[in-house]
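Novice: what would the 3D arrangement of this be:
(2 chains)
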Amino acid sequence: MTNNKVFKALADPTRRRVLELLREGARTAGDLAGRFPVSKPTMSAHFAVLQEAGLIEAEKDGRTIYYRLKMSVLEGALLGFAQRFGLDAPARVGTPKKKERLVLRRREAS
Amino acid sequence: MAVPRSIADILRRERAAVATALVVVLLGSVNWAQDPGRADRWLRAMLLLPGIILAAALWYAWGRRTGRTGDDPARQRYVHDALMLGVLAIGIRMITLFSLEIWVRYGDHAADLEAERRLLGLSTAAVFLVLGNAVPKILTPLSMLPLQLAERVTRARRVLGTTWVLLGLTLVVAYLAAPLALAQAAGRVAAGGGALSVVAAIVWMNAGPSGSDA
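Specialist: Okay, the predicted model is just below:
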């Protein structure tokens, strides 16, 4: 269900921060990754989760891939609600979950 | 995400648009059965939305075979999203009008007049809510506009969408709780506000940096 994916995507503070940054405008993966103290594979997994939920879109412009915000008004309101009331999933530091690694691997393979 | 690849793909991914088209067909059939004298009208209305969805699927299939619809997936997705949003908006309006036709045939006309007007107002509110909610999700592809302009358009759409959602919510409250005269006045203000917000968004987008600056 897409709704579950949206809630899952919004439950993580890093992903919420990514969405907040994208609210200011499109950014490259490298630019976004550089703003977080986590490894690139972890950030890629976060991007994959956000893309699966349909909250961001990656688009190529020349040779650069930009991430752009793709949130409905309701999803924006949910993000604000999650930010305000901190609807965090249990904190996870380090490597992404097995499922997220699988999504990442599949993405890299295609 | 690319555009759907087949009819089955559209049925799976565009459930809201497909469900709306099915409800329109169902209500159109009921109206046809009750009022066969206007069969051609009901038939046209019933075929409109499934026709748009089918035409879109055929267009995508034809484009894949011949390569004539262009190979830019972002642009195809943009057109597809706008099309499905249109199907939803038209569908909501048709569902309300068809339901009212059925209701009026069965009900007490004089007593139902106020309820009828309130239902039409709520239908307008639903169109505001659905369109406003979805408009920011349609991104202008970077193949159509430079990044800076595309982002400006996206921001304008976000403000526009939020305005429409707020107008829709105001209308819902007005048509559910306020006296009819006040609700209808709110409806007129919302219609004016909706039109004005579109004009403001267009002016703001055009007042921005030109494509060559981006």
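Novice: list the contacts of stretch B:160-168.
Specialist: By CB atoms under 8 Å, 6 or more residues apart in numbering or on different chains, the surrounding residues in contact with stretch B:160-168 are A:72-74, A:76, B:125-129, B:131-136, B:190, B:193-194, B:197-198, B:201. Every residue, glycine included, has its C-beta placed from N, CA and C.
Novice: in helices only, show me those.
Specialist: Members of the contacts of stretch B:160-168 lying in helices (criterion: DSSP state H): A:73-74, A:76, B:125-129, B:131-134, B:190, B:193-194, B:197-198, B:201.
Novice: among those residues, the buried ones, what's the ChimeraX command?
Specialist: To isolate the buried members of these in ChimeraX, using 16 or more other CB atoms under 10 Å in any protein chain shown:
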select /A:73,74,76 /B:125,126,127,128,129,131,132,133,134,190,193,194,197,201
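Novice: average model confidence for the helix or strand harbouring A:A82?
Specialist: Assigned by DSSP states H and E, A:A82 falls within helix A:73-85. Taken as a whole, helix A:73-85 has a mean pLDDT of 88.
Novice: got the contact list for that helix?
Specialist: Contacts for helix A:73-85 (CB under 8 Å, 6+ apart): A:6-7, A:10-11, A:16, A:19-20, A:55, A:71, A:87, B:132-133, B:136, B:158, B:161-162, B:165.
Novice: buried only: go through those residues for me.
Specialist: A:6, A:10, A:16, A:19, A:55, A:71, B:132-133, B:136, B:158, B:161-162, B:165.
Novice: these: which two are farthest apart?
Specialist: Within these, A:R16 and B:G132 form the most distant pair, 22.8 Å apart (CB to CB).
Novice: and chain B, which residues reach chain A?
Specialist: B:1, B:74, B:132-134, B:136-137, B:139, B:141-142, B:147, B:150-151, B:154, B:158, B:161-162, B:165 (CB under 8 Å from any CB of the partner chain).
Novice: low-confidence bits of chain B, can you list those?
Specialist: For chain B, the stretches with pLDDT under 70 are B:1-3, B:5, B:68-71, B:107-112, B:208-214.
Novice: in what helix or strand does the residue nearest the centre of it lie?
Specialist: In chain B, the residue lying closest to the centroid (CA atoms, centre = their mean) is B:A89, at 2.2 Å. If you go by DSSP H and E, B:A89 is part of helix B:73-106.
Novice: centre of the chain versus that helix, how much separation?
Specialist: 5 Å (CA atoms, centre = their mean, to the nearest Å).
Novice: what of stretch B:65-80?
Specialist: 22 Å.
Novice: list the buried residues of it.
Specialist: Of the residues in stretch B:65-80, B:T69, B:P73, B:A74, B:R75, B:Q76, B:R77, B:Y78, B:V79, B:H80 count as buried by neighbour count, 16+ other CB under 10 Å.
Novice: of the residues you listed, closest to chain A?
Specialist: B:A74 (5.6 Å; CB to the nearest CB).
Novice: quick one: the spatially closest residue to the closest one that is not a sequence neighbour and B:A39, what's the gap?
Specialist: Using CB to CB, 6 or more residues apart in numbering or on different chains and skipping residues adjacent in sequence, the residue nearest B:A74 is B:P141, 3.6 Å away. B:P141 is 42 Å from B:A39, where distance means CB to CB, to the nearest Å.
Novice: try B:R117
Specialist: The spacing between B:R117 and B:A39, counted by CB to CB, is 28 Å.
Novice: which positions in chain A make contact with chain B?
Specialist: So chain A meets chain B at A:25-26, A:54, A:57, A:59-61, A:66, A:68-74, A:76 (CB under 8 Å from any CB).
Novice: which of those are buried, as a PyMOL select command?
Specialist: A single PyMOL command selects the buried members of the residues of chain A next to chain B (16+ other CB under 10 Å):
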select buried, chain A and resi 26+54+57+59+61+66+68+69+70+71+72+73+74+76
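Novice: of the residues of chain A next to chain B, closest to A:M43?
Specialist: Closest to A:M43, out of all of those and judged by CB to CB, is A:Y66, at 15.0 Å.
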